[in-house]
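Participant: let me see the structure of the following:
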Amino acid sequence: MASLCLSLHQTLKPLAAPTPRPTPLLSFPTSTISLRPSPRRASTFTTRASYTPTPATERVISIASYALPFFNSLQYGRFLFAQYPRLGLLVEPIFPILNLYRSVPYASFVAFFGLYLGVVRNTSFSRYVRFNAMQAVTLDVLLAVPVLLTRILDPGHGSGFGMKAMMWGHTGVFVFSFMCFVYGVVSCLVGKTPYIPLVADAAGRQL
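Facilitator: Numbers count the residues shown, from 1 in each chain. Okay, here's the model as predicted:
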């Protein structure tokens with residue numbers, strides 16, 4: 001009986017031993033899913049949250065700055081207004097302000113240095129206001145060049161080629177100044193920064 005039990009124990013012992021698991025031929029790396037928010041989305045949200053509109057006072061000062069070169073450019077539109085009198089209706093609403101501006105002695109000279117020293121060089125104003133004021137000052141300086149050329153070349157009076165060239169040049173200067181004025185006013189009304197061609201780069205280097 002004892003020998004029978006011993007033989008059964010030896011027979012069942014290999015069966016009770018755990019069989020090793022086969023090693024797979026191919027192993028795939030385990031992947032993990034991250035639930036953290038995307039950094040791009042987070043930065044976009046931060047940028048949108050930090051945006052602040054341009055204050056109304058800065059817009060008003062910027063719009064008033066562009067009035068200086070526009071008022072001084074009206075002299076170049078006299079040939080255009082003489083040929084098309086109805087175009088004068090576009091500037092008729094500003095006649096009261098224009099008359100007040102011209103009633104002050106040396107108004108253009110005072111306004112130029114007041115805008116440059118009081119706004120452009122005043123660091124208490126924001127860069128938005130100073131940049132627009134500097135653009136207006138730069139444009140006003142450029143508007144003085146045709147007057148100097150007219151006095152130097154002296155096309156005279158009459159219907160010659162020199163007189164026609166002066167009329168075309170003055171009309172072009174006025175149209176350019178008027179477009180810059182409208183562009184600057186509309187941009188400042190919506191709180192954007194206007195960049196006038198040939199003027200913005202020169203104005204930016206002065207700040």
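
Participant: helices of the protein, residue ranges please.
Facilitator: Secondary structure of the chain (DSSP state H): helices at 2-16, 39-50, 56-73, 78-83, 95-103, 107-115, 127-153, 161-189, 200-205.

Participant: list the contacts for the closest residue to Tyr183 other than its chain neighbours?
Facilitator: Spatial nearest neighbour of Tyr183, chain neighbours left out: Pro194 (5.5 Å); criterion: C-beta to C-beta, 6 or more residues apart in numbering. C-beta here means a position set from N, CA and C on the backbone, and glycine is covered the same way. Applying C-beta atoms under 8 Å, 6 or more residues apart in numbering, we find Pro194 in contact with 132, 135, 183-184, 187-188, 200.

Participant: most surrounded residue in the residues you listed?
Facilitator: Within those, most neighbours by other C-beta atoms under 10 Å means Asn132, with 29 neighbours.

Participant: that residue contacts Val185, doesn't it?
Facilitator: No - in this structure Asn132 lies outside contact range of Val185 using C-beta atoms under 8 Å: 10.4 Å.

Participant: for the helices of the chain, which one ends up most surrounded?
Facilitator: Comparing the helices of the chain by mean neighbour count (mean count of other C-beta atoms under 10 Å), helix 56-73 ranks first with a mean of 20.

Participant: list the contacts for the residue lying closest to Leu139 once chain neighbours are set aside?
Facilitator: Leaving aside its chain neighbours, Leu139 sits nearest to Pro69 (4.2 Å; criterion: C-beta to C-beta, 6+ apart). By C-beta under 8 Å, 6+ apart, Pro69 lies in contact with 136, 139-140, 143, 177, 180-181.

Participant: quick one: Phe71 from Leu143, how far?
Facilitator: From Phe71 over to Leu143 the distance is 10 Å, taken as C-beta to C-beta, to the nearest Å.

Participant: swap that for Met179, sorry
Facilitator: As judged by C-beta to C-beta, Met179 and Leu143 stand 13 Å apart.

Participant: which neighbours do the two have in common?
Facilitator: Listed as contacting both Met179 and Leu143 by C-beta under 8 Å, 6+ apart is no residue at all.
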